[in-house]
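>>> this is a predicted model, with the sequence first.
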Amino acid sequence: MQTPQSLFEKVWDLHVVRAPEGEPTLLYIDLHLVHEVTSPQAFEGLRLAKRKIRRPDLTFATIDHNVPTTSDERFQIKDQIAAQQIATLRKNCEAAGVPLFDIGSGRQGIVHVIGPELGLTQPGMTIVCGDSHTSTHGAFGALAFGIGTSEVEHVLATQCVSQTKPCSMRISVSAKLPGGTTSKDLILDVIRRLGTDGGTGHVIEYAGEAVRSLTMEERMTMCNMSIECGARAGMVAPDDTTFAYMQGRPYAPKESAWDEAITMWRKLVTDEGAAFDCEVVIDGAKLEPIVTWGTNPGMSAPVTASIPAPEQARDASERAAMISALEYMGLKAGTRIEDITLDRVFIGSCTNGRLEDLRAAAKVIQGHKVHPDVTVLVVPGSEAVKQAAEREGLDRIFKEAGAQWREPGCSMCLGMNPDILAPKQRCASTSNRNFEGRQGREGRTHLVSPASAAAAAVAGRFVDVRGWEYRN
Amino acid sequence: MEPIRKHSGVVAPLHRENIDTDQIIPKQHLKRIERTGFGQFLFFDWRYHPDGRDREDFVLNHEHFRKATILVAGKNFGCGSSREHAAWALGEFGFRVILAPSFADIFRNNAGNNGLLVIELAEPVIQRIAEHADKHRPYQLHVDLENQTISDDFGLSERFEIDAFRRHRLLHGLDEIGMTLEREADIASFEERRQSRVP
């Protein structure tokens, strides 16, 4: 009998080109996604070494990090250095024959939103991108991870990466998530338990009833933030939910190839009795809405709680980190999370910029008005998400409430475009990182779910969305 | 890639854990299309006031540390974004070696691809080195990659572990792409097998 294998081991084994003793494994890459920020030096490196791109047909590019989100500026970028970076990507793609989903094409968007949306992301694939949130694509049972620019160049030249095989971890979440909580709250809770380096060197498989009941977009949110606990990748085994999401998408297999694919994909599950290097079990029924209060995604608390005291830290260095984080955030230990008031709200990003996220936020905000002290930016994850949302009238709901409805891109998640916080401004954000200066120098970021962000926009402070008065 | 065998240099301490790549180089400095020009932006928000003046309280602005080539920091160094600009900025500033109790995975790879030696050492050893760096300015360490040891002039001598293949590449400054391209036959035969498998 064959040794039982995990999903991760199956996908890994299917892609081993070469695994010599004492050296990293050479792993074949099925899909290479490219964006403007981490690719120019890779293309340039190839040119200098007179090397060719091996598989332009497995490489796809888009523009997301730098693009302004106002309709007039997105085609006329004022920041000349950003404009040059975008122009460089266009030139590189054209010269190499790499398809580019350009601004205005109807398919542009955040790289981790458009991959799944176009059906490029498929179960069992190996997927890389010069972006740490590539872990998103693991929601389909793909092995997907972020790489640096030298590795981008390596993949362009060889279609392989050289990798030491990571360890495996399984996080099983029981029950169903309680009403008012989301997969964003769940992953924030996971990161709080594991710490920001608890997953380092591991590929995490999310399993259990709670994960099986999640939609594809909810699974993407979870896998997306795997990197925030240090994990190489996050994965969910493909199932009927996955196949239903994929069917009919532009790059998904068609007709008989689709049936063949499904047969193959169904085998991509962890075998009974497969061993993991590490196992974590979580009771999903106890989940509450989570808000981060510090300067890394592991520093969080339930919305009903207060900011913990540095005296509760596990050791001296954690205590020092908490003191420094509270100082940066302008907060005091013991303050109730619900008493924290806000200046800005950002709804968007590769974590929570998809149609379901916008629906969840719109459902909360509908019939209410944005608090007079709060500026709200809603940024769809892609041109397709924007169009779909507008067909449902979500844009009207946001605009009537007083929020700004913008054009797609990474926007305020990292503020490479003009959307940034002013110093000391406080923001409830559906993005993935609350690092110092992430959304603008001295800006203060609190990570939350789209529903919690929308409720905070109305209340002007954090509120427990479980008691929300819906006006639909 | 510049090889690294033995290196002696001044140590600069950063008493902080989870130093993310957003701190190493903030996003507004990622827009260049070259591999160079990032050293000036290293630790930008910690190093400069908003008006551009040096922040005197930041370690790399102290006279003793401006020429530091070895950085010692807390655990999980380089977490967050995959931006290789972080490794480029550290290298261009002059760092050749980074010591910490642990490193984030992507940063570790990026460092290795740029001739930057990252060494994991136990927390107490890191603390001792950081304390020495604070006290004896300038404090020098001697790193020997061939024998996998670090030592100082005060009796410290520690062995460190490093992945054998990474060590080999750093010692010889080997370009990984060139090495993989030599495996063309393996890649081509994999592609043939893959062709029959992918629907």
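On my side now, so go ahead. Residues are numbered from 1 along each chain as shown, chains lettered A, B, ... in the order given.
>>> so for the top helix by length along chain A, mean pLDDT?
The longest helix of chain A (DSSP state H) is helix A:80-96. The predicted model assigns helix A:80-96 a mean pLDDT of 97.
>>> outside of it, which residues touch it?
Contact partners of helix A:80-96, identified using C-beta atoms under 8 Å, 6 or more residues apart in numbering or on different chains, comprise A:34-37, A:39-40, A:43, A:53, A:56, A:59, A:61, A:63, A:66-67, A:77, A:98-100, A:102, A:156, A:416-417, B:31-33. All C-beta atoms are positioned from the backbone trio N, CA, C, and that covers glycine.
>>> neighbouring contacts of the lowest-mean-pLDDT helix or strand in chain B?
Ranking every helix and strand in chain B by mean pLDDT, DSSP states H and E puts helix B:184-197 at the bottom, with a mean of 92. Contact partners of helix B:184-197, identified using C-beta under 8 Å, 6+ apart, comprise A:14, A:17-18, A:26, A:28, A:54, A:158-160, B:180.
>>> can you put those residues in TSV and add secondary structure?
Conversion of these to TSV gives the following (DSSP: H, G, I helix; E, B strand; the rest coil):
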residue	secondary structure
A:Leu14	helix
A:Val17	strand
A:Arg18	strand
A:Leu26	strand
A:Tyr28	strand
A:Arg54	coil
A:Thr158	helix
A:Gln159	coil
A:Cys160	strand
B:Thr180	helix
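>>> ok, back up a step: buried ones among the contacts of helix A:80-96?
Taking 16 or more other C-beta atoms under 10 Å in any protein chain shown as the criterion, what is buried in the contacts of helix A:80-96 is A:34-37, A:39-40, A:43, A:53, A:56, A:59, A:61, A:63, A:66-67, A:77, A:98, A:100, A:102, A:156, A:416-417, B:31-33.
>>> dump stretch A:248-265 to PDB, restricted to CA.
The C-alpha coordinates for stretch A:248-265 follow below in PDB (Å, rounded to 0.1, in the frame of the first residue of the first chain):
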ATOM      1  CA  GLY A 248     -16.900  28.600 -17.600                       C
ATOM      2  CA  ARG A 249     -14.100  31.000 -16.600                       C
ATOM      3  CA  PRO A 250     -12.100  32.200 -19.700                       C
ATOM      4  CA  TYR A 251      -8.900  30.100 -19.000                       C
ATOM      5  CA  ALA A 252     -10.600  27.100 -17.300                       C
ATOM      6  CA  PRO A 253     -10.600  23.800 -19.300                       C
ATOM      7  CA  LYS A 254     -13.600  23.300 -21.500                       C
ATOM      8  CA  GLU A 255     -15.800  20.400 -22.600                       C
ATOM      9  CA  SER A 256     -14.100  17.000 -22.400                       C
ATOM     10  CA  ALA A 257     -10.900  18.600 -20.900                       C
ATOM     11  CA  TRP A 258     -13.100  19.900 -18.100                       C
ATOM     12  CA  ASP A 259     -14.400  16.500 -17.200                       C
ATOM     13  CA  GLU A 260     -10.800  15.100 -17.300                       C
ATOM     14  CA  ALA A 261      -9.600  17.900 -15.200                       C
ATOM     15  CA  ILE A 262     -12.300  17.300 -12.500                       C
ATOM     16  CA  THR A 263     -11.400  13.600 -12.400                       C
ATOM     17  CA  MET A 264      -7.800  14.500 -11.800                       C
ATOM     18  CA  TRP A 265      -8.500  17.400  -9.300                       C
END
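>>> so A:Glu44, which of the three states?
At A:Glu44 the chain is in helix, as set by three-state DSSP.
>>> quick one: the least confident helix or strand of chain B to chain centroid distance?
From the chain centre to the centre of helix B:184-197 is a distance of 35 Å (C-alpha atoms, centre = their mean, to the nearest Å).
>>> just the ones in helices from the buried ones among the contacts of helix A:80-96, please.
A:40, A:43, A:156.
>>> what residues are up against the second one?
A:Phe43 makes contacts with A:88, A:92, A:96, A:153, A:156, as judged by C-beta under 8 Å, 6+ apart.
>>> and which of those is nearest to chain B?
Nearest to chain B out of these is A:Thr88 (C-beta to the nearest C-beta; 5.0 Å).
>>> gap between the closest one and A:Ala95?
For A:Thr88, the distance to A:Ala95 (C-beta to C-beta, to the nearest Å) stands at 11 Å.
>>> more neighbours: which of those two?
A:Thr88 (17 against 12; other C-beta atoms under 10 Å in any protein chain shown).
>>> can you give me the pLDDT of residue 28?
Here I'm looking at chain A. pLDDT, A:Tyr28: 98.
>>> can you look at chain B instead?
93.
>>> SS state for A:Leu421?
coil.
>>> ok, the closest residue to it other than its chain neighbours - contacts?
Excluding the flanking residues, the one nearest A:Leu421 by C-beta to C-beta, 6 or more residues apart in numbering or on different chains is A:Gly443, at 3.1 Å. By C-beta under 8 Å, 6+ apart, the contact list for A:Gly443 reads A:415, A:420-425, A:427, A:437.
>>> any chance of those residues in TSV, plus pLDDT?
Shown next, in TSV, are those (pLDDT from 0 to 100):
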residue	pLDDT
A:Gly415	92
A:Ile420	96
A:Leu421	97
A:Ala422	97
A:Pro423	97
A:Lys424	98
A:Gln425	98
A:Cys427	98
A:Gly437	97
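>>> grab the two from the residues you listed that are most spread out in space.
Maximum pairwise distance among these (C-beta to C-beta): 15.0 Å, between A:Gly415 and A:Lys424.
>>> higher neighbour count, these two?
With neighbours defined as other C-beta under 10 Å, A:Gly415 and A:Lys424 compare such that A:Gly415 has more, 22 against 13.
>>> pretty sure that one is touching A:Gly440, no?
Yes. Between A:Gly415 and A:Gly440 there is a contact under C-beta atoms under 8 Å: 5.3 Å.
>>> can you check which residues contact both of the two?
Here A:Gly415 and A:Gly440 have A:Leu421 as joint contacts, going by C-beta under 8 Å, 6+ apart.
>>> how about low-confidence regions in chain B?
Low-confidence segments of chain B, defined by pLDDT under 70: B:198-199.
>>> again, 90 this time
The model of chain B has pLDDT under 90 over residues B:1-2, B:64, B:137, B:175, B:195-199.
>>> would you map the strands across it?
B:6-14, B:70-73, B:97-100, B:117-120, B:140-144, B:149-151, B:157-159 (DSSP state E).
>>> would you mind giving these as a markdown table with distance to A:Thr149 added?
Below are the strands of chain B laid out as a markdown table (distance: least, C-beta to C-beta, whole Å):
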| stretch | distance to A:Thr149 |
| --- | --- |
| strand B:6-14 | 24 |
| strand B:70-73 | 21 |
| strand B:97-100 | 18 |
| strand B:117-120 | 17 |
| strand B:140-144 | 26 |
| strand B:149-151 | 29 |
| strand B:157-159 | 32 |
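>>> okay, the ones you listed, which one's buried deepest?
Stretch with highest mean neighbour count among the strands of chain B: strand B:70-73 (a mean of 26; mean count of other C-beta atoms under 10 Å in any protein chain shown).
>>> neighbouring strands - and their directions - for that one?
strand B:6-14 (parallel), strand B:97-100 (parallel) (DSSP bridges).
>>> of those strands, which is nearest A:Asp239?
Across those, the minimum distance to A:Asp239, taken as C-beta to C-beta, is reached by strand B:97-100, at 40.1 Å.
>>> just the C-alphas of that closest one, formatted as CSV.
Output in CSV follows, covering the C-alpha atoms of strand B:97-100 (Å, rounded to 0.1, in the frame of the first residue of the first chain):
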residue,chain,number,x,y,z
VAL,B,97,26.2,39.6,6.9
ILE,B,98,22.9,39.6,9.0
LEU,B,99,22.6,37.8,12.3
ALA,B,100,19.3,37.0,13.9
